[in-house]
Each structure stands twice: as structure tokens, then as C-alpha cells.
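>>> Fold the following.
(chains A and B)
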Amino acid sequence: MYLLGTIFIVAGIAMALLASVSYALVPRGHLGALAYGRFGTRAALGAVLLIVALLTYLFVAQRYDIKYVYDYSSSNLEFRYRIAAIWAGQPGSFVIWALWGLVAAQLLIRRTRHAEPYVLGVLMLIQASLLFFMLIRNPFVPYTDASGALLMPTDGKGLNELLHNPWMVIHPPILFTGYALLAVPFAFAIAGLWRRDYDGWVRGAMPWALAGWSFLGLALLLGGYWAYETLGWGGYWGWDPVENSALVPWLTATALLHALLLQRTHGGLRRATFALAILTYVLVFYATFLTRSGVLSSFSVHSFVEEGLKMLMTGFLAVVALGSFAVLFWRWRDIPVRSLSQKLLSRDSFFVLMILGLLVIAAVVGIGTSMPVISAIPGVGNGLQGIFRTAFELDDGTKYGTQIFEDGRFGLVSSFYNATVPPLGLILLALLIIGPLLGWRDANIRHLLRTLRWPALATVAVTCAALLLGVRDALPLAYIGLGSFAAGTNLVMIVRTLRSGWLRIGGYMAHIGMAVLLAGVVGSTSYATPDQKIVVPQGDTISAYGYAFTFNGWHVTPDGKGTLDMTVKRGNMTFQAAPLLYYNPRMGATMATPAIKSDILSDLYISPAEYQPEQNNNSTTLGTDQPQTIGPYTITFLGLDASGAHSSSANVGARLRVLYQGKESLLMPQIHLVANETDPAKALQDLPATLPGGHTISLTNFDPVQIKAALLVNGLNLPVEPAKAVVVVSRKPGIMLVWLGVCIGVLGGLIALLRRTLEGRAQLSGQPARLPRGLGGLARFVTRG
Amino acid sequence: MATATSELSRQRRVKPIHLVGIAIIVLAILLGYSGLRSAFRPYTTSISEAVSSGRSVQLAGFLGSTGAYDAHGDFTFDLQDQSGQLVKVTYAKPKPANFEQAVSVVAIGHYDAAQRTFLADDMLVKCPSKYQEQLDQASS
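Model (predicted):
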């Protein structure tokens, strides 16, 4: 299998390189090379499909003699998770990434015409590198011990239980689809620079940029939803480097979409569009570098640990970044500039400001996330700390002092992003209000004001409602006001545009989605109730935030997980909540999954913290020489005594030293075992010892291996403390708006994708782009086209 | 010549959009500066460095004890650095999920001289598993 798999990978790399080299020869006049390029592109996909098939076979057949299968799968895994385990590790995720890239490449072969050799030449080079990374981390390596001897374990280590979640099954493939698709605008941009075709590439790149943007947005949503639903952070976004590093290319991709649109309409912003296409793909690779090279392993909770790709990935990142920007600067002077509208109140100006706003946020988040990497460069971290020391006093309640920390590295906590991103996001929201109403070059102020009437009225109404509901802080109020205003004007634009075909509303829908998303973010962060820790004894009821929580006990679910069974009541509404909390011996960790009760207005979030088993204060389990106080007695367990053994019966005793009112005495409660006795009451008899205070003490159980004794004092009647569930509850208003907003936005992106694809196809066949009106028209258009 | 200079001056003239653009950038820089002041956390593997500075740091070390809840219900444990020095860490949240398995931990917080303990706001637990999906993350 090792040999076969490696042959497939090498064949894939060879075919991708063949395609890339052949395509590179085409512009030099070797027209025959085009056939080789196409063959290489097809064959590379074939090789990758064989890799995927072989990996799938290994996982389905449970070949634990393969290290990768051993590491990520196990025999008790459900079938769907056994499949999902394929992309649980690095090599698997690279092959999925390359697979989508190659599928995109097949679609591009016949749709790019003159640009084909250039676009595919670049694209295939990228796929070759991805497969090369996979070869370094070859997933077909057999499982061996340190000496190199082959191991044949009967079972694997298993998949991380946190990944046993349908959202986590589809999250990585969608993320890698986004990553793979964003390579296409990059390839088009390089092709455009190469061919000195500074406008034509935009048309080709547009649908791919839209698709990549939509998929990346969807992947961010799924990641957030998984964090919210499974991890119990209480939030969907923790500003963790892994999340940030995927958010930054999404922000620049949003900027790229606006630049592409502006350039497509009247040829403005040529240089910026090239720069954004390149920047976005460089950032995609940078995100991979941050999460997979191990550079952030001391700063992030969920980046992959260093697995030997650091140098290679750093090198590849440098080559892609320097190479592509060098191409841009080489052509810089050659790219003709077309001036934009001079008026501030024009779509031109608003597009430029929107792009600037997105880039500024991307820069803040990107630089913040990169701080650990930047400060890890020898000398830089210590230097920066020296500057910070003299430049300002840090105001987290502690003074910087004069000290420079030896390690030099530093990171930023999430308060950095909470302080910077929300005010900057407000600017984007403000731009969304007027921007869509403006003409490209100019705007009629009177028409503008007339259009703004109804959205403005709606905004006033929504803001008043928010004030009545208790929203008092400036920033949330501004978000709610501007957000509803932006949603209003974009809704007006949708109504207007619908007349000329529903395929044109994608952009406005994305804007509305964004406004809805931001409203949800404000609600769920600024107005979530604080986390309240409640301790509920079994059978008892504790109230928090208007809900009554009754704890029914800790149960084991049919699939072997432990759950805190709770009944939650509010008014006459009752529901069962079952947050999971159990120890997983395979992972050696406590697993906790929150229970969430979703409503349209708010979510009730129940995060399990701890289960305290029933505690009988009259009894204790002791190891040797650990004094324990029960009532007036201090009891020390000295050891087990099995000397009283006969042929048909045995006495096992616990030797105890008891301290009572300053006096020590030695005691030995015993268990009397009778062999061949059928009556259980007689087979095991309790022989208690009498304590100095008149109570008796019994040995109820013992562990001869670890030398432990379970003891019970009779007659003291100390209270029995029931089992307790410790849970953290909070209410999060507006969570639904977060998911809804992203879904509306992605849907808008997909509609725009459909429109641009149809336009592109019409243009290829030389027809004027006439977009279909209704769904029936669309069906006719697609079948005809 | 005259038209060329007027063309040039027309392009050089500060337009409203330039002012708005500069305002956005300046705002971002100001926000970034103030954010940096409150969120800056130096990384250290030395307990004595963290104790003597008294400011918020990311302190990386190994587990010196198994950890328990104290009288206030806060989770406490001992953190040990490479020199063998120990410091008590107090964490006002439930025990991090993979704590039992941790090979090393990073505690983000500051040393409180009065209580003689390192007050952690947040903790990263490093486990030997490959994909460390663990998870005691600040809920922002």
C-alpha cells in the first residue's frame, strides 16, 4: 500500500508539473504542447482520485498497520466518521484541497480560450505543490515502532471526539473548496499580467472569486457554529489565530469582489484589482502556514503542532508572495490608469472607501494575529518590547516596568480585536447605507434623499424599539441604527432591481445578510447575560434568568457518553436539557458539550462544568496513611490484614488507627467471607469494630491491589450530600440572526455567482448577455446555453 | 504647458475622498494603538520573570500538581517552569477540559503579590494528541 500510494502521489505531482510546463511552452509557439497540458491536467485529477480512493479503502477496511489510519480512526467509529477521518490530519486535508483545485482546473480548460495556457499553467503549479506537501507527510507510511519494525495493531487511536459532529465532517471540505477556488482569480490575475491583458481577466475571474468568497464564508459559519454547539466556549467567535487567519483572506476577498465589479463596469482600479487577487491568495497560504507550521503552537488552542513542514511552507509562501508581487511591479508602469469619479457621492468613491475599510480591518486582524510570528523573528520581539516600554504604559492594570522579557515573543489577547474591529466595522455599515443608491459617476441628491425617506423612518422606529428594550450603549445602538438603515436601503434596491431580473439582486442580498449578521453579533455579545454558575443538587431545583433547572441525575447515554439530565422549566414551558459531560479514557480527557435551547429571540446556553457524585459523610475510601476525619474520629488506614484465613472461610480486615478526644486506639473492622455459600447475606458478613465513642465502624469494600479500604461509620448519622451538577448558564439574544445573516449573505453570493457564470458563458458564445427573468427562464437559459 | 500644469494640480489637489480615506486609516491606527496597550501579553517560560514584572503575561510551564477547586470554587494548581520553580495558579473558571492529559500549559494572566498566586484569565492546554482541538478558550 505504501508503494502504491506513493506511486499515485508522485504520478499526481508529475502530471501536474507536466501540465504546468507544457502550458508554459504554448505561448512560446509550441502549440502542440497544449494537448500535453490538457492531458496532464486530466491525468493529475485521475491520480488524485486514485489517492482518495486508496485512502478511503484504507479507512473503510480499517488498515491500522498504516500510521495515518491508526492515528485517526478506530473500530468503534461510526461509518460516516470513518470517512471523515480521511481529512482529519494534514495529508488528508492537502489531498482534499488539491482535489477541488483540480476539479476547478477541469472546468477551466474549455472556458478560458486564449488565457487557458496561462491560467492553467499557474493553477497546476499550485496543485503540484499541494501534492508535494502531501508527499512529505505521506499518509501511506506503515506504522512502525522506533526500531522500524512493522506493527499490526488491531485497533486505532480513534478520532478526536470533538470532531464527531456532522458540522465538523463538512467544515474542512468546504473550507478547502473556498481555498481552492480562490486560487483561480489568482491564476487569472497572473495570466492577465503575463499576457498584458489588464481588463479581460476580470470577466473570467469574477465567478470564481464569488464562489470562493461564498464557500469561505460558509466555512467560517460552520466553524463558528461548531464552536458554539460543541465546544461550549459560549461563543461562536473567539478571535483565535485559526479563525482570524481564515477571516483575513475572506475580508480581502470581499474587497477583491468590489474591485472586480468596479473594474468590470468601467475599467477603474486596474492595479488595485491585481494586487487584491494576489494578496488574497497569498493570505490563504499564510493562513495555512500559521495553522500548520506550528509557529503558533504556544499561542493558539487549536493549531496543528509542528510536523516538519515549517521550512518548506515558509519557503513556498515566500516564493508565491515575492514572485507574484514581483510580476505585478514589473508590469506596474505598463498598466494604464483610468481615473475614477471625482465626486465623493458616487459609487466609484464608495467602492474605493469600502475596499479601504475592508483592507484596514484585514490589516488590523492580520497584524494582531501575526504578532507571535513577527516577534519570534530574532531581535524583533525584544526590540519591539523595548519600544513599547518607552513609548507607552500598558493599561491592563499593570505597569510595564523596565523589564524586557527574555523570550521576546508576545501575543495579543482577544480584547485587542474587540477594541478595534467593531468601530471600524461601523464605517463599512455606514458606507452600505448610501453606496448602493448612488450612480457610478454621480448622484442626484434630491432622488437620493427621496429614496432614503422610508429606510430612515424604519431606522428611527427600530432604534426607538431598541431603546425601549434597554439598549443604551452607543456602539450597539449605532450598529442597530445603521444596520437597519443599510438593510432598508438595500431592500429598496432589491425591490427596484427585481423588475430587471432576480439574478441581479445578489450583491444587495449580501449587504442585507451582513447587516443582519452584525445585528446578531451585537445582540449576542453586548447583551448576552453574564455566565452564571449554578450548582444543582440531584432532585433539587435552582433558578437562574427566569428558568428553573432541576437536576435528575447523571446518566450514560446509549452511545456510551455521560450526560447531566436536567429538566428546565419557564412558565408553563418545560424541556429536557442534556449537556454531555464524561471522561473519555481513549483520549484521557473530560469531554463536555453544551445543551442549547434555541428560540427566535434568544438562546439559552447550558454549559456543563462539573459533576460531583453523591457524598456520604459517614463513609470514606482511604489509601494507607491518609488521616481522614469523620465526625469526632480521625481515622488512619494502616493496611489490609488477611491473616484470618481458613480452608472454608476468610477474614479480611482493615488495620486502623483512630484518634478520639486526644487518645489513639488500634481497631480492625473485618469482612468475613464464607466459601461455597449460596446465600449472599451469609457469604459476605460484616464484622464491625466498636469505636471509642460507642459507634461502630464497618469495612464495606477493599482493593487489595491499590491497598484501599472503604469504611462506614454507623450511628453518627452525618448528612448525606446528594450528587450535584455544576453548570454555567447564560442567555444569548440574537444568535439566530448571526446564522441567518451569514446564510442570506452566502445565498446572495451564490445568486451573483450564477449571474456572472451565465454572463461569462454568453460572452464566450458571442451573444449579448440576456439574463433570464424567472426560474423557468433560468431553466431554459441553462439548457440552451 | 499651461494645460499640463493645471492637469497636474487638479490631480494633486486634496479631494474629499482623500480626507475620508485618511480619516479611516488614522482611526484604525489610533484604535490599534489603544488596543495594543490593553491586549499586549509577553510570552515567558520563567516564573521569576513573570513574578517580578507583575504584569499580564503568557506564562508557559508544566503541571506541578493535579489541581483542585479551592474554597471560592476557583480552580487552582501548581505550575512548574524549567528551573523547577513552582507558582500557584488560580483560575476563576471551570477546570480546562483536557487538563488531565496536559503535557504543558500556558496561563495568561498576572502574578498577584498580595495573594501570592498567579491569577489566570485564560489557559491553553497543550496535549500530546496531534490535532489539539483543546479548548479552554476565552469566550469573547
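>>> Check for me that A:Val421 belongs to a helix.
Yes - under DSSP: H, G, I helix; E, B strand; the rest coil, A:Val421 sits within a helix.
>>> For it, which non-adjacent residue is spatially closest?
Nearest residue to A:Val421, sequence neighbours excluded (C-beta to C-beta, 6 or more residues apart in numbering or on different chains): A:Ile361, at 6.0 Å. The way it works is simple: take the backbone N, C-alpha and C, and place the C-beta from them, glycine included.
>>> what mean pLDDT would you report for the helix or strand harbouring the one you found?
Here A:Ile361 is covered by helix A:347-376, with elements defined by DSSP states H and E. Per-region confidence: helix A:347-376 scores 92 on mean pLDDT.
>>> which other helices and strands contact that helix?
Taking 3 or more C-beta pairs under 8 Å, 6 or more residues apart in numbering or on different chains; DSSP states H and E as contact, the helices and strands that helix A:347-376 lies on are helix A:241-266, helix A:270-292, helix A:380-391, strand A:410-412, helix A:415-434, helix B:16-39.
>>> quick one on the thing from earlier: burial measure for the residue nearest to A:Val421, as a count.
A:Ile361 has 25 neighbouring residues, counting by other C-beta atoms under 10 Å in any protein chain shown.
>>> Do I have it right that it meets A:Leu426?
No - counting by C-beta atoms under 8 Å, A:Ile361 does not reach A:Leu426; the two are 10.9 Å apart.
>>> Could you list the low-pLDDT ranges of chain A?
Counting by pLDDT under 70, chain A contains low-confidence ranges at A:232-234, A:297-298, A:300-308, A:390-403, A:585-589, A:644-647, A:767-785.
>>> Domain ranges for it, per the record?
A:1-159, A:169-376, A:616-721 (automatic domain parsing).
>>> Off-centre distance for the last one?
Taking C-alpha atoms, centre = their mean, to the nearest Å, the mean C-alpha location of domain A:616-721 is offset from the chain mean by 53 Å.
>>> hmm, that domain in reach of chain B?
No - using C-beta under 8 Å from any C-beta of the partner chain, domain A:616-721 never reaches chain B; the gap is at least 14.6 Å.
>>> distance between the ends of that domain?
End-to-end distance of domain A:616-721 (C-alpha to C-alpha, to the nearest Å): 6 Å.
>>> And stretch A:568-582, by the same measure?
Terminal residues of stretch A:568-582 lie 21 Å apart, using C-alpha to C-alpha.
>>> Pull the residues that contact it.
For stretch A:568-582, contacts defined as C-beta atoms under 8 Å, 6 or more residues apart in numbering or on different chains pick out A:232, A:546-550, A:554, A:556-557, A:561-567, A:590-595, A:597, A:604, A:606-608, A:610-611, A:727.
>>> and stretch A:639-659, which residues are buried?
A:640, A:650-656, A:658-659 (16 or more other C-beta atoms under 10 Å in any protein chain shown).
>>> helices or strands up against whichever helix or strand A:Pro537 is part of?
Take DSSP H and E as the rule and A:Pro537 turns out to sit in strand A:532-537. Packing partners of strand A:532-537 (3+ C-beta pairs under 8 Å, 6+ apart): strand A:541-544, strand A:547-556, strand A:724-733.
>>> can you pull out the helices in chain B?
Remark: helices assigned in chain B by DSSP state H are B:2-12, B:16-39, B:47-53.
>>> Single out the most deeply packed of those.
Counting by mean count of other C-beta atoms under 10 Å in any protein chain shown, helix B:47-53 has the highest mean neighbour count of those, with a mean of 19.
>>> That helix packs against which elements?
strand B:57-63, strand B:86-91, strand B:104-112.
>>> can I get these in JSON lines with mean pLDDT, distance to chain A and mean neighbour count?
Below are these laid out as JSON lines (pLDDT from 0 to 100; distance: least, C-beta to the nearest C-beta, whole Å; neighbours: other C-beta atoms under 10 Å in any protein chain shown):
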{"stretch": "strand B:57-63", "mean pLDDT": "87", "distance to chain A": "6", "mean neighbour count": "23"}
{"stretch": "strand B:86-91", "mean pLDDT": "90", "distance to chain A": "12", "mean neighbour count": "20"}
{"stretch": "strand B:104-112", "mean pLDDT": "87", "distance to chain A": "6", "mean neighbour count": "21"}
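>>> Just send those back as CSV, with distance to A:Val48 too.
Compiled in CSV, the helices and strands packed on helix B:47-53 are given as follows (distance: least, C-beta to C-beta, whole Å):
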stretch, distance to A:Val48
strand B:57-63, 40
strand B:86-91, 46
strand B:104-112, 38
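>>> For A:Glu243, find the nearest of those strands.
strand B:104-112 (17.3 Å; C-beta to C-beta).
>>> tilt between that closest one and strand B:86-91?
Per axes from the mean of the first three to the mean of the last three C-alpha atoms, to 10 degrees, the angle that strand B:104-112 makes with strand B:86-91 is 90 degrees.
>>> Give the pairing partners of strand B:104-112; include direction for each.
Using DSSP bridges, the strands paired with strand B:104-112 in its sheet are strand B:57-63 (antiparallel), strand B:117-126 (antiparallel).
>>> The longest one - what's its average pLDDT?
pLDDT averaged over strand B:117-126 equals 85, rounded to a whole number.
>>> Could I get the contacting residues of A:Glu664?
For A:Glu664, the contact set (C-beta under 8 Å, 6+ apart) comprises A:657-658.
>>> If we use 6 Å, what do you get?
With contacts defined as C-beta atoms under 6 Å, 6 or more residues apart in numbering or on different chains, A:Glu664 has no neighbours.
>>> Buried residues, the helix holding A:Ile361. List them.
Neighbour counts over helix A:347-376 (16+ other C-beta under 10 Å) mark A:347-366, A:368-373, A:375-376 as buried.
>>> and stretch A:617-629, C-alpha only, in PDB?
Coordinates of each C-alpha in stretch A:617-629 appear next as PDB, following Å, rounded to 0.1, in the frame of the first residue of the first chain:
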ATOM      1  CA  ASN A 617     -20.100  11.900  55.100                       C
ATOM      2  CA  ASN A 618     -20.400   8.800  57.200                       C
ATOM      3  CA  SER A 619     -18.200   6.900  54.800                       C
ATOM      4  CA  THR A 620     -14.800   7.300  53.200                       C
ATOM      5  CA  THR A 621     -12.400   5.400  51.000                       C
ATOM      6  CA  LEU A 622      -8.800   5.600  52.300                       C
ATOM      7  CA  GLY A 623      -5.400   4.700  51.000                       C
ATOM      8  CA  THR A 624      -2.700   3.900  53.500                       C
ATOM      9  CA  ASP A 625      -1.500   6.700  55.900                       C
ATOM     10  CA  GLN A 626      -4.000   9.400  54.800                       C
ATOM     11  CA  PRO A 627      -5.800  10.500  58.000                       C
ATOM     12  CA  GLN A 628      -9.500  11.400  57.500                       C
ATOM     13  CA  THR A 629     -11.900  12.900  59.900                       C
END
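>>> neighbouring contacts of it?
Contact with stretch A:617-629 is made by A:634-637, A:639, A:707-713, A:716, A:718, as judged by C-beta under 6 Å, 6+ apart.
>>> which of these tops the neighbour count?
A:Ala709 (27 neighbours).
>>> Quick check: can you name the pairing partners of the helix or strand hosting that residue and their directions?
In this assignment (DSSP H and E), A:Ala709 forms part of strand A:708-714. Neighbouring strands of strand A:708-714 in its sheet, by DSSP bridges, are strand A:619-623 (antiparallel), strand A:696-703 (antiparallel).
>>> Going by neighbour count, list what's buried in the shortest one.
This points to strand A:619-623. Across strand A:619-623, burial judged by 16+ other C-beta under 10 Å covers A:619-620, A:622.
>>> same question, stretch A:687-695
Neighbour count says stretch A:687-695 has A:687-689, A:691, A:695 buried, by 16+ other C-beta under 10 Å.
>>> Could you export that stretch as CSV, CA atoms only?
Extracted in CSV, the C-alpha atoms of stretch A:687-695 (Å, rounded to 0.1, in the frame of the first residue of the first chain):
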residue,chain,number,x,y,z
LEU,A,687,-17.8,-7.7,61.3
PRO,A,688,-17.7,-4.2,62.5
ALA,A,689,-15.4,-2.8,65.2
THR,A,690,-16.6,-0.6,68.0
LEU,A,691,-15.2,2.9,68.1
PRO,A,692,-14.2,4.5,71.4
GLY,A,693,-17.2,6.8,71.3
GLY,A,694,-19.6,3.9,71.1
HIS,A,695,-20.3,4.0,67.3
